[in-house]
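Student: how would this look folded up:
(chains A and B)
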There are 2 protein chains.
Amino acid sequence: MDIKIKYAKDHVGQSVTISGWMYNRRGSGKIYFLQLRDGTGFIQGIVTESDGGMESMQMAESLTMESSVKVTGKINAHPKKENVFELIVESIEPIQVCKEEYPISKKEHGPEFLLDNRHLWLRSKKQWAIQRVRNTVINATYEYLNDNDFIKIDSPILTPNACEGTTELFEIDYFEEEKAYLSQSGQLYIEAAIMSHGRVFDFGPVFRAEKSKTRRHLTEFWMMDAEMAFADHEKNMEIQEGLVCHIVQKVLEKNRQELEILERDIEALEKVKAPFIRKTHAEVVKELQEMGSDIQPNDDLGADDETILTKKYDKPIFVEKYPAEVKAFYMKRDPKNPSVALCSDLLAPEGYGEVIGGSQREENYEVLMERIKEHDLDPSVFDWYLDLRKYGSVPHSGFGYGLERITGWMCGTHHIRETIPFPRMINRLKP
Amino acid sequence: MDIKIKYAKDHVGQSVTISGWMYNRRGSGKIYFLQLRDGTGFIQGIVTESDGGMESMQMAESLTMESSVKVTGKINAHPKKENVFELIVESIEPIQVCKEEYPISKKEHGPEFLLDNRHLWLRSKKQWAIQRVRNTVINATYEYLNDNDFIKIDSPILTPNACEGTTELFEIDYFEEEKAYLSQSGQLYIEAAIMSHGRVFDFGPVFRAEKSKTRRHLTEFWMMDAEMAFADHEKNMEIQEGLVCHIVQKVLEKNRQELEILERDIEALEKVKAPFIRKTHAEVVKELQEMGSDIQPNDDLGADDETILTKKYDKPIFVEKYPAEVKAFYMKRDPKNPSVALCSDLLAPEGYGEVIGGSQREENYEVLMERIKEHDLDPSVFDWYLDLRKYGSVPHSGFGYGLERITGWMCGTHHIRETIPFPRMINRLKP
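Tutor: Numbering: from 1, shown residues only, chains lettered A, B, ... in the order given. This next block holds a predicted model:
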């Protein structure tokens, strides 16, 4: 019977066939231990002459790393380790034996070499685990948003204008000498859709042409934007908190094995529970200054500020109410203190820093028009966006998360380039 | 108590508040019927002086179309229609009353006008229904693929080379005078990931710079590609059939109201059940010729061919085993008849035509290299793709579906531009 490795526990004592890859081998002469994988999990195949015959022994010896195989044998529960199973090999059928040596060995490789071989590096155990966690983050996001009455409204990638200047945008020649730009956020578009659907989200790739080379930047990455009619700044943070808790819970529930492979501190993730810490930007500036930062009252938090602040706490921190003048034109100002915006950044603990940014949006036509002018933006670019304030405008709020940053936090990876299958950076467009 | 309209049935006899939009109004003088929507559904608010007082009557009279409102009243079950509820209005609190007349009226508008006002057109009942069906198609796809052990592997949008020529690709200036192209399919990339995960899919926007203006073309659309290790052509069709049946079932289950709004022939959808019809390309050519088509044995099916063929049957049709020479280089040929490829197109009934294309992939290094040369392609562009055949190659298959085409079929819409929130076409990049 053909089975997937993850179902091995249901077949103890039975003879089964597993189709997959041999990613490693130990032993020699009298016994071979084949490390097998099929995408759903890992299992050790034990080859001896008494169980597998001479033919299996010869095959086990001749197999090269990453060769594809069909291995038939009996599933055994590991004598000492709980929930670990072995395959007592009866026969081995090679599918394709690698003739050339597999480029990625157990020795240390530099990051450029691994990225050049991303199409193969994806097979490494840690990379496998990261993509599985990413998959859980994606599914948990859909689940939570569906359960909270959001529907998916895909925002366009090809856009005619830039929200806030074109310096960070990739430009394309569209038809008939028109220029198009790759979207860096779908927010403005999904704001239109809430007047039809109430609560909506998008979830797709976005692009930034920044010449930034930090460990937290990619030129192409995945972003989820959510937008809600009749939701204020408080409600916005409540939904973000619920979403993040749901994601963490699902990762802990579905990816124990992956987190172990990644040597992730699981206790740190278990501490991520509501209520999150809430501080105003003004409070945070004071706290950072006391910790030695040279941050000024009108500064955004720098990467170092985020790191030292979030290492101090074991829960995510909402930093809310930034000075309005350093924030985007569409953010609503606090009626109680118009110098600050009704916005928040959610910072992940352990030094991971910003994973979500959100705000209540300005819903008044005249005020929004004024903000556009204050920011030296061209109102004609925002004609349709302004229309939303003319026809049935409502209080509304939204937020956006970066999938790679959340996945990196869950996995405990230092550099977010490992959290996307095929990273794109300033000097990297291949494979 | 604040409620969403879709939960009205749970509050019969109670006084509730609904926040939303008034999209239409009937009546005058003694009674007003306000057509209200909140994104989750539609309800009629009945305003009389006896229930709502003079103030509500005056407010009902002064409200303009698409004004946003909070309406408080008692939920009544409709005296005659099952599952229909009304709101006996007690008070109306306007949020924003439109001062300018809403541009989209009940009179007929041309398609260009509606597309120019897409940010508002999205609110129309049919457009609301289409996006809700699209959302169901998306969620049903995730469900089915998750249940069948697929994980999501996002393929990149920015790619260094074209699979098959650059004429249909949008070109971008990447950094340092490099050129990048917007992806038209993630297939090759996700083939790499099956060696790590077994079964994977991507689901994101793809781009075609075709100068095509038909009702079935967009320059930006959403595609789902699925790929499976150890799956042959037969298994490939089986999974496609299962996926399509699941999607149709979920649309029928979750979107009755939407299908009614769209005046969709529900019986036609109910007939979409496994097993689908299977015909070889050669059989179909003969059948089409008998129906009067001038299709030749080595021709792909034209749009008209697809229409007349699929109007003849009430189930989807797999057209399999096309002449290899007209198909892509990566398709495996039939060992029993090497002049045909192990591929299939799935055609939707009722004239909708192609919604999925799939094939078993050539897994042998030497054969694939030969195909690349036969197709006059540059092997160096495919170096990493060829690597997959060097290191643990396995038989594998996959397919891709166009989200807008499937959504159009489900909804019964003639032109797929209505099935995507913000369509991009040769002459359309706004809003």
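Student: For the rest of this, base every contact and every neighbour count on C-alpha atoms.
Tutor: Fine.
Student: So what does residue A:56 have for phi and psi?
Tutor: Torsion angles at residue A:56 (phi, psi; degrees, to the nearest 10) stand at phi -60, psi -40.
Student: where's it relative to residue A:90, distance?
Tutor: From residue A:56 over to residue A:90 the distance is 7 Å, taken as Cα to Cα, to the nearest Å.
Student: Looking at the two, which is more packed in?
Tutor: residue A:90 (24 against 21; other Cα atoms under 10 Å in any protein chain shown).
Student: How about the strand or helix carrying the more buried one, which residues are buried there?
Tutor: If you go by DSSP states H and E, residue A:90 is part of strand A:85-96. Under the neighbour-count criterion of 16 or more other Cα atoms under 10 Å in any protein chain shown, strand A:85-96 has A:85-92, A:94-96 buried.
Student: quick one on the thing from earlier: which residues do residue A:56 and residue A:90 both contact?
Tutor: Counting by Cα atoms under 8 Å, 6 or more residues apart in numbering or on different chains, the common neighbours of residue A:56 and residue A:90 are residue A:47.
Student: pLDDT (mean, whole number) over the regular element (helix or strand) spanning residue A:305?
Tutor: Residue A:305 belongs to helix A:303-312 when assigned by DSSP H and E. Mean per-residue pLDDT for helix A:303-312: 94.
Student: and the helix or strand bottoming out on mean pLDDT in chain A, does that touch chain B?
Tutor: Of all helical and strand segments in chain A, the minimum by mean pLDDT, DSSP states H and E falls on strand A:171-173, at a mean of 91. Yes: using Cα under 8 Å from any Cα of the partner chain, strand A:171-173 reaches chain B at A:171-173.
Student: which one of the buried residues of strand A:85-96 is nearest residue A:348?
Tutor: residue A:85 (36.4 Å; Cα to Cα).
Student: pLDDT score for that closest one?
Tutor: Reported pLDDT for residue A:85: 97.
Student: Does it touch residue A:77 like I think?
Tutor: Yes: between residue A:85 and residue A:77 there is a contact under Cα atoms under 8 Å: 4.5 Å.
Student: hey, what's in contact with both of those two?
Tutor: residue A:9.
Student: residues in contact with whatever residue of the stretch 1-150 of chain A ends up closest to chain B?
Tutor: Here the stretch 1-150 of chain A gets closest to chain B at one residue, residue A:39, 3.6 Å apart by Cα to the nearest Cα. Residue A:39 is in contact with A:20, B:194-199, counting by Cα under 8 Å, 6+ apart.
Student: Out of the residues you listed, which sit inside helices?
Tutor: Members of the contacts of residue A:39 lying in helices (criterion: DSSP state H): B:194-197.
Student: got the residues you listed as a markdown table, with neighbour count and distance to chain A columns?
Tutor: Formatted as a markdown table, those follow (neighbours: other Cα atoms under 10 Å in any protein chain shown; distance: Cα to the nearest Cα, whole Å):
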| residue | neighbour count | distance to chain A |
| --- | --- | --- |
| B:194 | 27 | 7 |
| B:195 | 29 | 7 |
| B:196 | 28 | 4 |
| B:197 | 28 | 4 |
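Student: and the least confident helix or strand of chain A, what does it pack onto?
Tutor: strand A:179-182, strand B:171-173 (3 or more Cα pairs under 8 Å, 6 or more residues apart in numbering or on different chains; DSSP states H and E).
Student: How many residues are close by residue A:108?
Tutor: 8.
Student: Would you check how far apart it and residue A:124 are?
Tutor: Residue A:108 is 13 Å from residue A:124, by Cα to Cα.
Student: returning to that earlier point: most packed of the helices and strands packed on strand A:171-173?
Tutor: strand A:179-182 (a mean of 20; mean count of other Cα atoms under 10 Å in any protein chain shown).
Student: For residue A:2, give the beta-bridge partners.
Tutor: residue A:17 (DSSP bridges).
Student: Was I right to think it contacts residue A:14?
Tutor: No: contact criterion Cα under 8 Å: residue A:2 and residue A:14 do not qualify, at 11.2 Å.
Student: before we move on, back to that, go back to the buried residues of strand A:85-96 and keep what's next to chain B.
Tutor: Applying Cα under 8 Å from any Cα to these, those adjacent to chain B are A:95-96.
Student: quick one: which helix or strand includes residue A:318?
Tutor: strand A:317-320.
Student: now that strand, how far from the chain's geometric center?
Tutor: Using Cα atoms, centre = their mean, to the nearest Å, the mean C-alpha position of strand A:317-320 is found 20 Å from that of the whole chain.
Student: mean confidence for it?
Tutor: On average, strand A:317-320 scores 98.
Student: So which bits of the stretch 301-431 of chain A are right by chain B?
Tutor: So far as Cα under 8 Å from any Cα goes, the stretch 301-431 of chain A lies against chain B at A:384, A:388, A:390-394, A:420-424, A:426-427, A:429-431.
Student: give me the residue from the stretch 151-300 of chain A nearest chain B.
Tutor: Taking Cα to the nearest Cα, the stretch 151-300 of chain A has residue A:197 as its residue nearest chain B, at 3.6 Å.
Student: which residues sit in contact with that residue?
Tutor: Contacts of residue A:197 (Cα under 8 Å, 6+ apart): A:150-151, B:38-40, B:123, B:128.
Student: ok, it to residue B:161 distance?
Tutor: Distance from residue A:197 to residue B:161, by Cα to Cα: 39 Å.
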